[in-house]
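J.: Model the structure of this input:
(chains A and B, ligands or ions: 2)
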Amino acid sequence: MRSFLRLAALAVLLAATPAEGARIGELADWDFGSQTVRFFSLQDASVRYALAGSMLLGLCCGLMGAFLVVRKLALMGDALSHAVLPGVALGFLWGMTKNPVAIFAGAVGAGLLGAVVVQWIRATTKHREDAALGFVLSSFFGVGIVLFTMIQNLPGGAKSGLDGFMFGQAAALGPEDVWLLAGVTVLALGAVGLFYKEYVLTSFDEGFAQSLGWPVKFYHYSLMLLLAFAIVSALQAVGVVLVSAMLVIPAAAAFLLTDRMGAMLAWSAGLGMLAGAAGAFFSFTGQSLPTGPFMVLAAAGLFVLALLFAPSHGIVRRLWRRRSRVARIRRENTLKAIYHVMEDGGFREEVVEIEGVADRRRETAAGARREIVELQQAGLATVADGRVAFTPEGWQRACEMVRNHRLWELYLTNAAQLAPDHVHDDAEVIEHVLGDETVRRLERRLNYARRDPHGKLIPGLADLAAGAPPSERVAGFGEKGGAR
Amino acid sequence: MMKDFSTTAPPLEVHDLTVAYDRRPVLYGIDLTVPAGSLTGIIGPNGAGKSTLLKAVLGLLPLSAGWVKIFGGPLAQHARRTGYVPQRESVDWDFPVNVMDVVLMGRYGHLPPGRRPGRADREIARACLDQVQMLPLAGRQIGNLSGGQRQRVFLARALAQESDLYFMDEPFAGVDAATEAAIIDLLRGMKDRGKTVVVVHHDLSTAQDYFDRLVLLNMRLVAAGPTAEVFTPELLQKTYGGRLTILSDVAQALGEER
Ligand SMILES: Nc1ncnc2c1ncn2[C@@H]1O[C@H](COP(=O)(O)OP(=O)(O)OP(=O)(O)O)[C@@H](O)[C@H]1O
Ligand SMILES: [Mg+2]
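T.: Ligands and ions are numbered 1, 2, ... in the order given. As a prediction, this is how the structure comes out:
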């Protein structure tokens, strides 16, 4: 439905205005290098306005968008930004010129009417927010398109310049537009700075805020009013169709980057500014390209970066953690295999043949050698003449693994009443994740038992703490076990 | 003069309270007085209107009829003296706040609009977190907590409110026995310090133990009073046994008529 409306809007615009607006990209012969220099030298007033305006709108939309995203109201931004379209048209019809004040007033009026209709549908019907938002979005947008078409057909309407409102034209920003954006940004920053705790609490736990006697409706509607301001002042630069993206995308990226509201606001505003600047730049250096899509593409690029590289929720970080976990488990399993081979030999030898380890691991000799080289690199074992020995640290880790495995098997057979031949696979997994605290509790629970369900000895925490080198430790270990 | 009155007035007085959702009444003509310094349990079957009663008393729902007085006055006048622990499902656990942030929210009622919590508020919040043994997790995002830990955070927030009258909606839901024991200790401690605590509770087997007063609720008030007088087989039968068919039929009819 929505994409259909957008297509319709596009068709109207293409039919009525062949791409001929005064886009600064066309003023000079197109040349990426020199355009870049012109952009960054900031010599042209139009570049300065475009850049300042785009960054201000990024900041403002980022700030408001963060509240929308945490309130799970992202669709509200979409609905409001489409709902302002008839207001823009009416503001134009007021004096048949692109008077910023008339258009601002008309658009804010239409946006608020949209918000009230959403609220009214929710309060009086059984529809939830999404249906109400969908209705407002498409019907208001439809009315706006009808009005726009009428304007295009009026004498002089074809040159109205209203097409900029559809997809944005940062290059067409004048000083009044930038002042308007600056004013709205200051207002938004001021309100959020002053009522930060109020906006956060009413967003997080409205019922609690109400139980404190706070006017939660006031905070909700003041936020919606600021949102309408942000949307309307951003229209000239990004356009009706894509302004909601500038509300949602930087905020969504910021949500991935942090777990604190204050930091999220800062990230969202910062990413919004970055996307705004990038949009202005590409639109300027590219050939007569509208700003909005570029700004949104830049924001989307930042979102993808956040998705990939976010510190704790990022995909790269998760893959990395997973990889290192797999490698750790492989190392621990090799350590355990070496321990088993030693145990089979009654701990008489401090070194074992790599082939024996390969047999235990059910690996080829080459595979086992690779694993043992990994151990060596991690400082857990040393290799000489095809034989491998533990370093003290490696011995410690190996004992821990064996202990975890056997304790868990014992726990499952004792406490969970599983048969001894059912517990091995489970223990293979659990042994790698048991923490010290849990091990201590298990030991206590099992009365410091020394033998696992298969009759093998369990290295105890106390033995490990002694930290003696393998040979002595093994002797001590064997004696203790034997004394029982 | 106002002050004198409010110290003698009961913390909570409800008269002929009726509450409806979409004109379908779910609570009928509730009369209730909760004396100061009591630990009161509200019990009743699912859908009895226990949560609704708390919300109505706290002004979160419009009243169809009747009135509520907190310390002898309207709620707005004493909002600072009332604390609230909502049902756990009522908040968004993905919200970007950590444990400390949430507990600090308990201080917000004491701060005028535009003022941020200061050092003293932080100290109070830390002490409250310590009381529920959650201080080591102060920096955790709230979504990364277990159910029992989430409940403790809410309790710490309520403690940080330093109120005189508390309403808690099922603080024992979904917590293990150890946490339940810790919470009931906490509630008894509050009572000993002269606070009044009203708790929605589900478990009949512990209700007698935990509370010194009980409110039996099932769309209307079945009984309210000291536990020894109210916790009787007849009254419990009246509360839980056989739905109150006439009332719910009438309610249904009223809903349909609309
Ligand atoms: N938002 C709502 N809109 C319409 N009806 C509601 C709403 N919330 C609750 N109800 C109805 O009001 C009645 C009382 O609900 P309430 O949540 O107060 O019960 P409760 O005693 O807290 O139950 P529980 O033990 O399950 O928490 C129920 O019949 C419920 O269906
Ligand atoms: Mg309930």
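J.: in chain B, which spans are strands?
T.: Counting by DSSP state E, chain B has strands at residues B:12-21, B:24-34, B:39-43, B:65-70, B:82-85, B:165-169, B:196-200, B:213-218, B:220-226.
J.: Would you double-check that A:A245 falls in a helix?
T.: Yes - looking at A:A245 with DSSP: H, G, I helix; E, B strand; the rest coil, it is inside a helix.
J.: Surely it is in contact with A:F294?
T.: No - the pair A:A245 / A:F294 is not scored as a contact, 11.4 Å apart, by C-beta atoms under 8 Å. Quick note: C-beta positions are derived from backbone N, CA and C, even for glycine.
J.: So which bits of chain B are right by chain A?
T.: Taking C-beta under 8 Å from any C-beta of the partner chain as the contact definition, chain B meets chain A at B:55, B:58-60, B:75-76, B:79-80, B:82, B:84, B:86, B:90-92, B:95-98, B:101-102, B:105, B:108-109, B:111, B:113-117, B:141.
J.: Is there a quick ChimeraX command that grabs whichever of the residues you listed are buried?
T.: The following ChimeraX command selects only the buried members of the residues of chain B next to chain A, with burial defined by 16 or more other C-beta atoms under 10 Å in any protein chain shown:
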select /B:55,58,59,60,75,79,82,84,86,91,95,96,97,98,101,102,105,108,109,111,117,141
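J.: and stretch A:239-256, C-alpha only, in CSV?
T.: Output of stretch A:239-256 as CSV, limited to C-alpha atoms (Å, rounded to 0.1, in the frame of the first residue of the first chain):
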residue,chain,number,x,y,z
GLY,A,239,11.6,15.1,1.9
VAL,A,240,8.4,13.6,3.2
VAL,A,241,9.0,10.1,2.0
LEU,A,242,12.3,9.5,3.7
VAL,A,243,12.3,11.8,6.8
SER,A,244,11.1,8.9,8.9
ALA,A,245,14.3,7.0,7.9
MET,A,246,16.4,9.8,9.5
LEU,A,247,14.3,9.4,12.6
VAL,A,248,14.6,5.6,12.9
ILE,A,249,17.9,4.5,11.3
PRO,A,250,20.4,6.5,13.4
ALA,A,251,18.5,5.7,16.5
ALA,A,252,18.3,2.0,15.7
ALA,A,253,22.1,2.0,15.1
ALA,A,254,22.6,3.8,18.4
PHE,A,255,20.5,1.2,20.1
LEU,A,256,22.9,-1.5,19.0
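J.: How is chain A divided into domains?
T.: When chain A is parsed with automatic domain parsing, its domains come out as A:2-313, A:319-481.
J.: Just the pLDDT for B:L254.
T.: You'll see B:L254 listed with a pLDDT of 50.
J.: of all of the stretch 201-350 of chain A, which residue lies closest to chain B?
T.: Nearest to chain B, among the residues of the stretch 201-350 of chain A, is A:G213, at 3.3 Å (C-beta to the nearest C-beta).
J.: Let me see the ranges of the strands in the stretch 51-200 of chain A.
T.: Assigned strands in the stretch 51-200 of chain A: none (criterion: DSSP state E, counting those that start in this stretch).
J.: same deal with the stretch 251-400 of chain A?
T.: A:351-353, A:381-384, A:387-390.
J.: Pull the residues that contact stretch B:146-153.
T.: Applying C-beta atoms under 8 Å, 6 or more residues apart in numbering or on different chains, the contact partners of stretch B:146-153 are B:88, B:93, B:99, B:102-103, B:132-134, B:137, B:142, B:145, B:171, B:173-176, B:179, B:182-183.
J.: Noted, bye for now.
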